[in-house]
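J.: The following comprises the amino acid sequence and a computationally predicted model.
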Amino acid sequence: MMKDVCRHLGVVFTGVLLAVAACLESEAAPRESGVVVARRDAKPDKGKPEPKAEETKGAGKPEQVGSYGDWGAYVAQGAKDKTCYALARPKDRAPAGLNRDPAYVFISTRPSDKVREEVSIIMGFPLKEGEGSKAEVGGTSFDLVAKGTNAWIKNQAEEAKFVEALRKGSKLVVRAPSARGRVTTDTYVLSGVAQALEKVQKECP
(Lines give C-alpha, C1' and ligand atoms only; values in the text may rest on other atoms or scores of the structure.)
Protein backbone atom coordinates (compact mmCIF):
# COMPACT_ATOMS: atom_id res chain seq x y z
CA MET A 1 0.00 0.00 0.00
CA MET A 2 1.17 3.44 -0.79
CA LYS A 3 1.97 5.57 2.25
CA ASP A 4 1.82 8.97 0.57
CA VAL A 5 -1.37 10.93 1.20
CA CYS A 6 -3.04 12.07 -2.03
CA ARG A 7 -4.09 15.68 -2.23
CA HIS A 8 -7.58 16.70 -3.27
CA LEU A 9 -7.15 20.19 -4.67
CA GLY A 10 -9.83 22.83 -5.12
CA VAL A 11 -8.58 23.81 -8.57
CA VAL A 12 -6.68 20.75 -9.78
CA PHE A 13 -6.42 17.11 -8.74
CA THR A 14 -2.81 16.18 -8.08
CA GLY A 15 -1.48 13.02 -6.53
CA VAL A 16 -4.72 11.14 -7.20
CA LEU A 17 -3.40 9.43 -10.28
CA LEU A 18 -0.11 8.77 -8.55
CA ALA A 19 -1.93 6.74 -5.92
CA VAL A 20 -4.01 4.99 -8.56
CA ALA A 21 -0.88 4.19 -10.53
CA ALA A 22 0.48 2.55 -7.41
CA CYS A 23 -2.68 0.42 -7.26
CA LEU A 24 -2.33 -0.53 -10.90
CA GLU A 25 1.37 -1.26 -10.50
CA SER A 26 1.44 -2.56 -6.94
CA GLU A 27 5.04 -3.72 -7.21
CA ALA A 28 6.31 -0.37 -8.42
CA ALA A 29 7.95 2.01 -5.95
CA PRO A 30 6.06 5.23 -5.23
CA ARG A 31 7.28 8.21 -7.21
CA GLU A 32 7.68 11.71 -5.85
CA SER A 33 6.04 13.53 -8.73
CA GLY A 34 2.47 12.87 -9.81
CA VAL A 35 0.25 13.60 -12.77
CA VAL A 36 -1.77 16.79 -12.57
CA VAL A 37 -5.36 16.45 -13.75
CA ALA A 38 -7.09 19.77 -14.26
CA ARG A 39 -10.85 19.92 -13.82
CA ARG A 40 -12.83 21.06 -16.84
CA ASP A 41 -14.30 23.97 -14.90
CA ALA A 42 -10.82 25.05 -13.86
CA LYS A 43 -9.54 25.62 -17.38
CA PRO A 44 -8.30 29.21 -17.58
CA ASP A 45 -9.51 31.59 -20.25
CA LYS A 46 -7.15 32.26 -23.13
CA GLY A 47 -4.56 34.82 -22.14
CA LYS A 48 -5.08 34.35 -18.41
CA PRO A 49 -2.49 32.71 -16.13
CA GLU A 50 -2.80 29.14 -14.92
CA PRO A 51 -4.90 28.81 -11.75
CA LYS A 52 -2.97 28.18 -8.57
CA ALA A 53 -3.52 24.95 -6.69
CA GLU A 54 -4.93 25.30 -3.19
CA GLU A 55 -4.78 22.28 -0.95
CA THR A 56 -7.89 21.13 0.86
CA LYS A 57 -6.97 19.66 4.22
CA GLY A 58 -8.44 16.35 5.28
CA ALA A 59 -8.56 14.81 1.83
CA GLY A 60 -8.48 11.05 1.86
CA LYS A 61 -6.40 8.56 -0.07
CA PRO A 62 -8.14 7.03 -3.10
CA GLU A 63 -9.43 3.51 -2.50
CA GLN A 64 -10.00 1.02 -5.28
CA VAL A 65 -13.51 -0.37 -4.91
CA GLY A 66 -13.69 -2.49 -8.04
CA SER A 67 -11.67 -3.94 -10.92
CA TYR A 68 -13.28 -4.79 -14.25
CA GLY A 69 -11.01 -5.84 -17.09
CA ASP A 70 -8.68 -2.93 -17.84
CA TRP A 71 -10.82 -0.53 -15.78
CA GLY A 72 -10.80 0.26 -12.10
CA ALA A 73 -13.34 2.10 -9.93
CA TYR A 74 -12.02 4.38 -7.18
CA VAL A 75 -13.32 6.54 -4.36
CA ALA A 76 -11.55 9.48 -2.69
CA GLN A 77 -13.27 10.87 0.41
CA GLY A 78 -12.37 14.47 1.16
CA ALA A 79 -13.07 16.53 4.24
CA LYS A 80 -16.34 17.85 2.81
CA ASP A 81 -16.87 16.04 -0.47
CA LYS A 82 -16.41 12.73 -2.23
CA THR A 83 -15.02 11.97 -5.67
CA CYS A 84 -15.60 8.71 -7.53
CA TYR A 85 -14.00 7.79 -10.81
CA ALA A 86 -13.34 5.09 -13.36
CA LEU A 87 -9.86 4.91 -14.78
CA ALA A 88 -7.82 2.91 -17.29
CA ARG A 89 -4.40 2.98 -18.91
CA PRO A 90 -3.85 2.46 -22.64
CA LYS A 91 -3.24 -1.05 -23.91
CA ASP A 92 -1.00 0.23 -26.68
CA ARG A 93 0.97 3.44 -27.28
CA ALA A 94 2.47 4.47 -30.60
CA PRO A 95 5.01 5.32 -31.76
CA ALA A 96 6.92 3.02 -29.45
CA GLY A 97 10.08 4.07 -27.67
CA LEU A 98 9.13 7.65 -26.83
CA ASN A 99 9.94 8.93 -23.35
CA ARG A 100 6.49 9.68 -21.91
CA ASP A 101 4.75 9.65 -18.57
CA PRO A 102 1.85 7.20 -18.08
CA ALA A 103 -1.42 7.99 -19.84
CA TYR A 104 -4.95 7.56 -18.48
CA VAL A 105 -8.61 8.03 -19.25
CA PHE A 106 -10.20 9.42 -16.11
CA ILE A 107 -14.02 9.62 -15.78
CA SER A 108 -14.95 11.40 -12.57
CA THR A 109 -18.14 12.11 -10.64
CA ARG A 110 -18.27 14.80 -7.94
CA PRO A 111 -21.77 14.99 -6.39
CA SER A 112 -20.95 18.09 -4.36
CA ASP A 113 -20.15 19.95 -7.60
CA LYS A 114 -23.09 18.35 -9.45
CA VAL A 115 -20.62 16.87 -11.94
CA ARG A 116 -21.37 13.47 -13.48
CA GLU A 117 -19.00 11.44 -15.65
CA GLU A 118 -16.61 14.23 -16.57
CA VAL A 119 -13.97 12.89 -18.94
CA SER A 120 -10.30 13.85 -18.68
CA ILE A 121 -7.69 12.28 -20.94
CA ILE A 122 -4.14 12.44 -19.66
CA MET A 123 -1.56 11.93 -22.40
CA GLY A 124 1.63 11.99 -20.34
CA PHE A 125 3.37 14.75 -22.32
CA PRO A 126 2.79 18.44 -23.13
CA LEU A 127 0.16 18.70 -25.84
CA LYS A 128 -0.24 21.16 -28.66
CA GLU A 129 -2.80 23.38 -27.00
CA GLY A 130 -6.18 24.06 -28.51
CA GLU A 131 -7.55 21.85 -31.26
CA GLY A 132 -5.99 18.99 -33.21
CA SER A 133 -6.54 16.12 -30.76
CA LYS A 134 -9.26 13.53 -31.36
CA ALA A 135 -10.82 10.52 -29.65
CA GLU A 136 -12.47 7.80 -31.74
CA VAL A 137 -14.79 5.09 -30.47
CA GLY A 138 -17.30 2.94 -32.31
CA GLY A 139 -16.56 4.65 -35.61
CA THR A 140 -17.40 8.11 -34.20
CA SER A 141 -14.74 10.80 -33.79
CA PHE A 142 -14.89 13.41 -31.03
CA ASP A 143 -12.81 16.59 -31.11
CA LEU A 144 -10.72 17.27 -28.02
CA VAL A 145 -9.40 20.49 -26.56
CA ALA A 146 -5.98 20.31 -24.94
CA LYS A 147 -4.31 22.19 -22.12
CA GLY A 148 -0.97 21.12 -20.69
CA THR A 149 -0.89 17.32 -20.60
CA ASN A 150 -4.69 17.00 -20.36
CA ALA A 151 -7.50 16.92 -22.91
CA TRP A 152 -11.28 17.12 -22.69
CA ILE A 153 -14.18 16.61 -25.08
CA LYS A 154 -14.28 19.93 -26.93
CA ASN A 155 -18.06 20.16 -27.08
CA GLN A 156 -19.19 19.57 -23.51
CA ALA A 157 -22.70 18.80 -24.79
CA GLU A 158 -21.24 15.69 -26.48
CA GLU A 159 -19.66 14.33 -23.30
CA ALA A 160 -22.65 12.14 -22.39
CA LYS A 161 -22.68 10.78 -25.95
CA PHE A 162 -18.98 10.01 -25.67
CA VAL A 163 -19.38 8.15 -22.38
CA GLU A 164 -22.30 6.17 -23.81
CA ALA A 165 -20.12 5.24 -26.80
CA LEU A 166 -17.45 4.01 -24.37
CA ARG A 167 -20.03 1.80 -22.65
CA LYS A 168 -21.04 0.21 -25.95
CA GLY A 169 -17.68 0.17 -27.71
CA SER A 170 -14.74 -2.20 -27.70
CA LYS A 171 -11.84 0.17 -28.35
CA LEU A 172 -10.98 3.83 -27.77
CA VAL A 173 -8.27 5.46 -29.87
CA VAL A 174 -6.86 8.85 -28.83
CA ARG A 175 -4.64 10.76 -31.26
CA ALA A 176 -2.96 13.93 -30.06
CA PRO A 177 -0.06 16.09 -31.28
CA SER A 178 2.62 17.03 -28.81
CA ALA A 179 3.80 20.59 -28.33
CA ARG A 180 6.53 19.72 -30.83
CA GLY A 181 4.04 18.44 -33.38
CA ARG A 182 4.62 14.68 -33.09
CA VAL A 183 1.30 12.79 -33.13
CA THR A 184 0.90 10.06 -30.52
CA THR A 185 -1.80 7.37 -30.59
CA ASP A 186 -3.04 5.68 -27.41
CA THR A 187 -5.42 2.73 -27.66
CA TYR A 188 -7.66 1.65 -24.78
CA VAL A 189 -9.63 -1.58 -24.41
CA LEU A 190 -13.18 -0.80 -23.24
CA SER A 191 -14.02 -4.16 -21.72
CA GLY A 192 -15.10 -3.42 -18.14
CA VAL A 193 -15.77 0.31 -18.49
CA ALA A 194 -19.56 -0.12 -18.20
CA GLN A 195 -19.20 -2.09 -14.97
CA ALA A 196 -16.69 0.41 -13.56
CA LEU A 197 -19.07 3.29 -14.27
CA GLU A 198 -21.94 1.41 -12.65
CA LYS A 199 -19.82 1.00 -9.53
CA VAL A 200 -18.96 4.72 -9.60
CA GLN A 201 -22.68 5.53 -9.76
CA LYS A 202 -23.36 3.34 -6.72
CA GLU A 203 -20.53 4.91 -4.73
CA CYS A 204 -21.43 8.50 -5.70
CA PRO A 205 -25.23 8.49 -6.30
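T.: Yes, it's here.

J.: Isn't Leu127 up against Trp152?
T.: No: look at Leu127 against Trp152 with CB atoms under 8 Å: they stay out of range, at 11.2 Å. Every C-beta, even on glycine, is put in place using the N, C-alpha and C of the backbone.

J.: Let me see the ranges of the strands in the protein.
T.: Secondary structure of the chain (DSSP state E): strands at 7-8, 12-14, 36-38, 63-68, 71-77, 82-88, 92-94, 104-110, 115-122, 130-137, 140-147, 150-153, 171-177, 183-189.

J.: re earlier: quick one: which of Leu127 and Trp152 has more around it?
T.: Between Leu127 and Trp152, counting by other CB atoms under 10 Å, Leu127 is the more crowded of the two (24 against 21).

J.: what's across from that one in the sheet?
T.: Ser178 (DSSP bridges).

J.: list the contacts for it?
T.: Ser133, Ala146, Lys147, Gly148, Thr149, Asn150, Ala151, Ala176, Pro177, Ser178, Ala179 (CB atoms under 8 Å, 6 or more residues apart in numbering).

J.: which residues does the first one bridge with?
T.: This points to Ser133. Applying DSSP bridges, one finds that Ser133 bridges with Leu144.

J.: shouldn't it be in contact with Ala146?
T.: Yes: in terms of CB under 8 Å, Ser133 counts as a neighbour of Ala146; the distance is 5.1 Å.

J.: which residues sit in contact with the residue nearest to Ser112 when sequence neighbours are not counted?
T.: Among residues not flanking Ser112 along the chain, Asp81 sits closest, at 3.8 Å (CB to CB, 6 or more residues apart in numbering). When contacts are counted by CB under 8 Å, 6+ apart, Asp81 touches His8, Arg110, Pro111, Ser112, Asp113.

J.: So the fourth one is in contact with Gln77, correct?
T.: So that's Ser112. No: using CB under 8 Å, Ser112 makes no contact with Gln77, being 11.4 Å away.

J.: what about the protein, any weak spots by pLDDT?
T.: 1-60 (pLDDT under 70).

J.: More neighbours: which of Ser112 and Gln77?
T.: Set side by side, Ser112 and Gln77 show more neighbours around Gln77, with 17 against 11, by other CB under 10 Å.
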